[in-house]
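Chemist: okay, here's the prediction I keep looking at, along with the sequence it came from:
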Amino acid sequence: MIGPDTLKKAEDNWQTEMGAWFAGERVVLRGKDLFTELNELSWFKYLMFGITGKVYSDKQMALIEAIWTLTVSYPEPRLWNNRIAALTGTANSTGILGTSAAIAATEASIFGNQINIIAIDFIKRAALLDGSDGSLEDLVKKEMKKNRIIPGYGRPIVQNDERIQPLIDKAQTLNLTDGLHFKAAKNVEKTLLNSRYRMVMNASGLAAALMADIGISNREYYYYTILAFSAGIIPCHIDAANKKEGTFFPLRCNRLNYTGHETRHW
């Protein structure tokens, strides 16, 4: 059915298996009653249930939360998305506006969520080939030739990624480092180190592998990462808002390399 008939059928009629509020009675999410069947879930378990329809074990949830805490929750206002929150804070804008704008910026293709989705897609393809003679090396070469990057590997500014070992340590304490994707991620790193590229795995690659090992789909992973930076973003807004207005990294005019018109009279 296409055209006007499609809209007529949908008028006042939204059919969903996701969720609904029955005013004064109950709330349902994915067929479960919030007040009687989901009321014991933590907020994070509830979030993951909404995204995936699954209730993860306590060990899996500990890893899912650790990925957020240890890899993207930096309260560092010089980072690109956090800087937006700090700028709104120094301009006396609201926390909601600043946080929303900063989260929107995490959609970035270089550092943000776009690279995360590419990373989990790549590691799933790598896991299918891992163990086949030459296949992993061929995949790496093709990826570099096509995209000039290996998603989840390499890092700007510094080669070492301080987030890797703490996250591996956490995953090991939870006995969640035996998966095919984690092993494939390590083998891709070995392949890169033995090549002329000399790139090591970064936190994006490790997180993607660990999440793939607990069965997260690429689309679910995208929704999971949407709020991931927020625990670092909000402190940056608070910090800037608590300081004198306009004092977050101001630049004097003569530091700008301006090549436009000279002083104009209005």
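Modeler: Yep, that arrived.
Chemist: what residues are up against residue 62?
Modeler: 170, 174 (CB atoms under 8 Å, 6 or more residues apart in numbering). For the C-beta atoms, the positions are set from N, CA and C on the backbone; glycine is no exception.
Chemist: where does it sit, in terms of helix or strand?
Modeler: helix 58-71 (DSSP states H and E).
Chemist: tell me which helix or strand comes right after that helix.
Modeler: Past helix 58-71, the next helix or strand by DSSP H and E is helix 80-90.
Chemist: distance between the helix holding residue 62 and the chain's centre?
Modeler: 13 Å (CA atoms, centre = their mean, to the nearest Å).
Chemist: and that helix, average pLDDT?
Modeler: Helix 58-71 comes out with an average pLDDT of 97.
Chemist: buried set for it?
Modeler: Neighbour-count burial for helix 58-71, counted by 16 or more other CB atoms under 10 Å, picks out 60, 61, 62, 63, 64, 66, 67, 68, 70, 71.
Chemist: and if you look at stretch 37-44?
Modeler: Buried residues in stretch 37-44 (16+ other CB under 10 Å): 38, 41.
Chemist: next: stretch 102-117.
Modeler: So, applying 16+ other CB under 10 Å, buried residues of stretch 102-117: 102, 103, 105, 106, 111, 112, 113, 115, 116, 117.
Chemist: got the end-to-end distance for it?
Modeler: One end of stretch 102-117 sits 19 Å from the other (CA to CA, to the nearest Å).
Chemist: please state the offset of that stretch from the chain centre?
Modeler: Centre to centre, stretch against its chain (CA atoms, centre = their mean), the figure for stretch 102-117 is 7 Å.
Chemist: same check, this time on stretch 12-22
Modeler: Computed by CA atoms, centre = their mean, the separation of stretch 12-22 from the middle of its chain amounts to 28 Å.
Chemist: model confidence over it, on average?
Modeler: Mean predicted lDDT for stretch 12-22 stands at 94.
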